[in-house]
Every structure is written in structure tokens, then in C-alpha cells.
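Asker: got a predicted structure here, sequence first:
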Amino acid sequence: MTSVPVLRLHGADERIRKRVGELVVEPHLLDWDSACATFRWDQARRAMGVLPDGALNLAQLALDRHADGPHGDRVAVRWLGADGRRQRITYRDLRERSNRFANVLELAGLRHGDTLFVLAPRLPALVAAVLGGFKAGLVVAPLHPQLGPEPLATRLERGGCRVLLTTEALYRSSVQPLRARLPGLEQVLLVGEGPDTGAAMPPEGTMDLAPLLREVSAQFTAPPTAPEQLALLQFTSGATGRPKGVLHAHQAALSLWMTGHQALDLRDGDVVWCTAEPGDFGGLGHGVITPLLHGVTVVLDEAGFDPARGYDILQQQGVTVWVTTPMAIRQLMHAGPALQVPHRCPRLRLVTSFGEALGAQPVWWGLEALGLPIHDQWWQTESGAVMIANTPGLDIKPGAMGRPLPGVEAFVVLRRPGGGVEVLCTPEAEGELALRSGWPSLFRGYLGEDAGYRHCFARTTAGELYLTGDCVRRDADGYYWFTGHAQDLIRSGGQSIAPREVEAVLVDHPAVRDAAAIGRPDPVLGEAVEVFVTLNPGCTASDALRVELLAHARQWLGPMAAPHRLEFASHLPYTRDGRLMRRLVRLQALGLPA
């Protein structure tokens with residue numbers, strides 16, 4: 001098989017090019033233009049053995065077809081307990097566990113189309129329960145185990161939760177205090193927090209599933225599943241507003257398989273580790289379901305991400321594809337070289353990042369620390385799969401989201417007053433990112449928000465487009481650059497200013513660790529640019545440094561986009577997957593409660 005360089009950085013100097021001499025097997029998407037011209041979604045159907053109009057169930061495609069085939073004894077999940085315990089679960093074992101869950105869920109009274117909420121840490125039971133729910137025809141609603149009381153209650157109330165599967169510890173700490181607020185919560189099903197364990201005396205109002213899981217049959221025949229049948233209810237992070245309940249169908253499997261093939265470049269024998277929680281769509285969709293659709297091994301680490309543990313996992317587990325977030329990358333960068341020096345990861349061949357724009361600096365850091373660049377990707381909970389990516393077969397432009405994957409048609413548009421949408425065709429176009437509707441994992445609705453769902457789409461000369469709400473710039477080579485969320489744009493003096501452009505200039509200053517720019521109401525300008533910064537270790541906040549940073553920003557941004565005010569902060573609010581919660585920054589700046 002032909003070998004190609006791991007990286008061909010666009011515009012990189014010779015010093016960098018010489019440091020990227022390692023060769024790997026040819027990427028799946030080496031001939032980008034040809035792949036785009038010949039792409040058909042039937043490629044995913046054929047690869048997974050799905051008939052064009054046949055039944056399609058996420059669990060059967062991700063699990064049963066492998067368990068019944070030559071890879072039945074391959075390890076599907078390597079579970080790493082926070083206390084040092086380990087489990088290796090084969091595809092055949094995982095099928096039996098998911099079958100038991102499907103049988104137990106039916107015994108618990110759940111029927112086709114009902115919703116099962118799942119609140120659990122990274123445990124084998126979490127994976128088996130989700131897959132079992134898919135088999136039983138349920139809509140599975142995973143929740144992040146570290147949600148605070150108010151965000152958790154909001155999701156359970158808005159989702160009309162009747163049945164919740166969780167652990168005893170999470171029930172006592174997170175759910176029990178809210179029980180009076182949740183009169184519709186009829187059943188709480190408890191799963192053990194480790195291998196073959198269960199609650200000895202479950203709390204009142206709950207049911208311990210451990211005895212039932214041991215007694216029920218390991219055989220389960222899933223009813224035929226229509227491709228459009230709903231499979232997932234996933235709540236957005238709330239980074240740009242209140243969380244929305246996003247609905248996905250089983251047909252999303254086709255897009256997720258393509259994400260693994262095109263963006264993750266998965267191949268036989270890979271070991272995939274994702275640092276995101278399966279309670280978030282990225283952690284479940286790209287960290288669990290996508291690798292299982294490809295029949296490879298998933299590393300599931302119960303502990304939260306820690307730089308030292310992270311390096312150990314990459315090395316000791318022989319991870320080949322690491323799917324992570326900007327927050328985890330920043331943690332490694334700030335930990336310094338002392339941790340990375342003893343670790344060598346010869347099997348690691350691809351590192352990808354999602355959740356928020358990565359920026360240019362981590363790409364170069366990846367070359368220095370790991371010998372590999374970090375490949376940024378773009379997707380949303382609504383898109384259901386990666387849409388735009390820097391793939392191993394493409395030149396990387398550090399800081400860019402990448403190019404639209406084959407099968408994805410992207411546009412830059414402007415929303416006009418009165419509701420019209422204009423498609424911008426010029427090079428270096430700036431506006432809102434829009435995608436042509438019709439890919440299999442495009443969300444099927446917002447829970448209880450039909451009007452909000454319809455507002456996401458527009459009829460244009462390019463056909464029906466999904467309006468993402470993210471602002472981008474498309475360069476002359478067809479690469480897309482994230483500039484901010486549409487609702488975060490700062491309108492100052494008749495100009496639209498992208499917060500990320502302001503933040504990127506400030507982070508380039510050696511004293512600044514992180515920055516968040518917002519628009520503060522101004523009687524003359526409409527909005528004035530205000531920025532909050534955190535400082536690197538060894539740097540001290542002072543009036544002199546404030547003046548220096550404002551001058552630095554003005555030099556590089558010009559007077560229109562430069563901040564009018566700069567404040568020092570001890571920390572900035574981020575979601576669990578590394579998205580800056582600019583909404584909270586704005587509220588805090590105005591002295592309002594979050």
C-alpha cells in the first residue's frame with residue numbers, strides 16, 4: 001500500500017517539514033476531488049450490509065453484525081476503572097449484555113417509542129444499556145453524570161422523563177434531592193457501578209437491576225426498525241443559550257459510519273479513545289457508536305481526564321486514534337514537557353479534536369509533543385456527525401476547521417432583514433455556515449420546539465439549507481474558518497466583529513492564557529468590545545499590563561475591533577467539552593445572575 005507523509009502543512013517552513021517524516025498507510029481520502037465526485041450514501045449501506053430500503057437499527061449495525069461474524073471474539077470495549085480495575089468485553093459478550101438490558105427494559109414496562117433517560121458514568125453498563133435500548137426500539141436520552149441539580153432537573157422536566165437508569169451513587173447525590181420536582185418520574189432503575197455489583201439495599205423508590213440482569217435471557221430479537229424511527233434524544237450543551245432537545249433517527253448510523261471512514265480514517269485493528277463523556281453526543285456518537293460501527297476497539301476510561309493519566313492511556317493501551325477536545329489538549333499543553341518526555345506512543349497515528357474551534361497553536365504543539373498534528377473537525381449535535389474536517393489526506397491549515405467531507409455541501413450565507421437568505425459565492429466569503437439538507441444524521445426535530453426547528457431551514461437558490469448558527473470564513477482553497485456563533489457577533493459602530501478574532505490576538509500575547517470577548521451595550525456604538533483574560537503562571541494583573549494588552553490588541557486589530565475595556569479574571573466558564581460559555585461571561589459582565 002502506498003505511503004504518504006502524515007502531514008503536509010500548508011505554508012510550513014522546511015524545518016517543520018523535516019520533522020514530519022514518519023509515514024503511514026494511505027488515508028482513505030487521499031484523492032479528495034474524486035471522492036467528492038463519486039460519493040454516494042449507498043457506500044455506507046453496502047459497507048454495513050444494509051439493503052437500500054431495509055430495516056436499520058443502530059445496535060444491530062454497531063454490535064450484532066460483528067458478534068455474528070469473524071470478529072465476535074474481538075475486544076469491543078476495554079474498560080479502565082478509576083480504582084485500577086480492568087475489563088475486556090468482546091463483541092459477543094457485549095451483545096449478550098445488551099440483550100439482557102433489552103429484556104429487562106421490556107420487563108420494566110418500556111415499550112417501542114418510549115424514552116429511556118440514562119445518567120451514568122463511563123461504565124460497561126452504560127454502553128450495554130444504550131445499545132439495549134436501541135434494540136428494544138426505545139429513544140435513548142443520555143445525560144452527563146456531572147450535571148448540576150438545576151441543569152439536570154431542566155432536562156428531565158423538559159424531556160418528560162418517566163424512566164431513568166442510573167447508579168445508586170448518582171441517584172443519591174443528584175436525583176433524590178430533585179425527586180419532589182419530578183412527579184412524572186415513575187421508575188428509577190439502578191445499575192451496578194462496577195463488574196457484577198449491585199446495590200444491596202436500593203433506596204426507596206428505585207429498582208436494582210443486577211438480579212434481573214442475571215436472570216433474564218441473553219437472547220433478544222429486535223423488531224424491525226425503520227430508518228426514520230427515532231433513536232436518540234440528545235440535549236445541547238447550552239453554550240449559546242438554553243439546552244435544546246435534539247432528536248436523531250436510527251438512519252444516523254450511515255453518517256456516523258462515514259465519520260469513522262472519512263474523518264477518523266478508521267481501519268481494522270484500531271484502538272480508539274475518546275475523552276468526551278458518552279453523556280454528550282460527541283462522546284457517545286464519535287467515541288462509542290462510530291468505532292463500534294467499524295468493528296474496532298473502544299477504550300472507556302471511568303476517570304475524568306488528567307494529563308498524566310492521559311499520557312499513560314495513550315501509551316499503555318496502544319491507542320491508534322485519539323478523539324479529544326480542545327480542553328483536554330489545553331490541559332496537556334499547560335502541563336508542560338515534563339510529563340510527555342517519558343511517554344512514547346508509536347501506535348498513535350491520528351489525533352482529532354471536536355467540540356469547539358481548536359485554533360492554530362495546538363496544531364503546532366501536537367507536532368512538538370506527540371509528533372503528530374491535531375486535526376480539527378466541525379460538527380454539531382444537530383448535524384449528528386462530522387461535516388467539516390482536516391483529514392489525514394489533506395494539507396492542514398492550522399486554525400482552520402478543514403473542508404466539507406464528501407457527501408456534505410457547505411455554503412456561506414447572509415440572513416437578510418425580513419427572512420431572506422443570500423448565498424455568497426465569492427472567495428473569502430464571510431457569513432453563516434449553511435449545509436444542504438438531506439444527509440442521514442441531520443436531526444429530525446427539537447423536542448417541543450417545532451417553530452424553532454423550522455427556523456433552522458431556508459429555501460434558497462441552492463436548495464433547502466440547514467442554517468447552523470455558526471459564523472465562518474471560506475478561503476479561496478475551500479477551507480472553512482470558524483469566526484464565532486451568529487448570536488455572539490459584536491455589532492459595534494455598524495460593523496460586525498467576530499469575538500474569536502479578538503481573542504486570538506490577545507492569546508498571542510505571552511502573558512495571556514485565555515480570553516473571552518463580548519459586546520457590552522454602548523449608547524453610541526450599539527455595542528463596545530469588552531474582553532476578559534486569564535493570565536499565564538508567573539504573570540500578575542496590573543494597570544500597566546492592562547494598558548499593554550489593550551495597545552497590543554489595537555495594533556493588530558485596528559481601532560474598530562480593538563477592545564474598549566479589558567478585565568482580568570481568575571477563570572473563564574467552559575462547558576464540559578471545552579466550549580466557552582460566552583452567555584455566562586456576558587451575564588457576569590453585566591452583574592446579572594447566571
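Answerer: It's in. Model, not experiment: these values are computed from the prediction.
Asker: mind checking the pLDDT average for stretch 116-134?
Answerer: Throughout stretch 116-134, pLDDT has a mean value of 96.
Asker: chain center to that stretch: distance?
Answerer: Here the centre of mass of C-alpha atoms in stretch 116-134, compared against the chain's by CA atoms, centre = their mean, to the nearest Å, lies 18 Å away.
Asker: just the terminal-to-terminal distance for it.
Answerer: Stretch 116-134 stretches 10 Å from its first residue to its last (CA to CA, to the nearest Å).
Asker: repeat for stretch 105-122
Answerer: From its first residue to its last, stretch 105-122 covers 20 Å (CA to CA).
Asker: so for it, what gets flagged as buried?
Answerer: When burial is assessed from 16 or more other CB atoms under 10 Å, stretch 105-122 yields the following buried residues: 105-106, 108, 110, 114-122. C-beta coordinates here come from the backbone N, C-alpha and C atoms, glycine included.
Asker: repeat for stretch 142-161
Answerer: Counting neighbours by 16+ other CB under 10 Å, the buried set in stretch 142-161 is 142-145, 147, 151-156, 158-159, 161.
Asker: could you dump the buried residues of stretch 105-122 to a markdown table with distance to residue 546 and secondary structure?
Answerer: Below are the buried residues of stretch 105-122 laid out as a markdown table (distance: CB to CB, whole Å; DSSP: H, G, I helix; E, B strand; the rest coil):
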| residue | distance to residue 546 | secondary structure |
| --- | --- | --- |
| 105 | 58 | helix |
| 106 | 63 | helix |
| 108 | 59 | coil |
| 110 | 58 | coil |
| 114 | 56 | coil |
| 115 | 51 | strand |
| 116 | 52 | strand |
| 117 | 47 | strand |
| 118 | 47 | strand |
| 119 | 44 | strand |
| 120 | 46 | coil |
| 121 | 42 | coil |
| 122 | 42 | coil |
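Asker: redo those as a markdown table? Include distance to residue 264.
Answerer: As requested, the buried residues of stretch 105-122 are arranged in a markdown table below (distance: CB to CB, whole Å):
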| residue | distance to residue 264 |
| --- | --- |
| 105 | 30 |
| 106 | 34 |
| 108 | 35 |
| 110 | 32 |
| 114 | 32 |
| 115 | 29 |
| 116 | 28 |
| 117 | 28 |
| 118 | 24 |
| 119 | 27 |
| 120 | 25 |
| 121 | 24 |
| 122 | 19 |
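Asker: before we move on, back to that, can you pick out the most distant pair from the buried residues of stretch 142-161?
Answerer: Pairwise distances across those (CB to CB) peak at 18.5 Å, for the pair 145 and 158.
Asker: which ones among the buried residues of stretch 142-161 map onto helices?
Answerer: Using DSSP state H, the members of those that fall in helices are 151, 152, 153, 154, 155, 156, 158.
Asker: ok, these vs residue 74, which is closest?
Answerer: Each of those was checked against residue 74 using CB to CB; the closest is residue 155, at 35.0 Å.
Asker: skip the chain neighbours and tell me the closest residue to residue 399.
Answerer: Sequence neighbours aside, residue 360 is the residue nearest to residue 399 in space, at 3.6 Å (criterion: CB to CB, 6 or more residues apart in numbering).
Asker: I figured the one you found hits residue 398, correct?
Answerer: Yes: under the criterion of CB atoms under 8 Å, residue 360 makes contact with residue 398 at 3.7 Å.
Asker: out of those two, which sits in the more crowded spot?
Answerer: More neighbours sit around residue 398 than around the other of residue 360 and residue 398, counting by other CB atoms under 10 Å; the figures are 21 against 16.
Asker: in the sheet, who's paired with residue 520?
Answerer: On the basis of DSSP bridges, residue 520 takes part in beta bridges with residue 528.
Asker: one step back: so how far is residue 401 from the residue nearest to residue 399?
Answerer: When distance is defined by CB to CB, to the nearest Å, residue 360 is 12 Å away from residue 401.
Asker: model confidence score at residue 571, please.
Answerer: pLDDT, the model's per-residue confidence, is 88 for residue 571.
Asker: leaving out sequence neighbours, find the closest residue to it.
Answerer: Counting by CB to CB, 6+ apart, the residue nearest residue 571 is residue 534, at 6.2 Å.
Asker: A helix includes that neighbour, no?
Answerer: No: the assignment for residue 534, made by DSSP: H, G, I helix; E, B strand; the rest coil, is strand rather than a helix.
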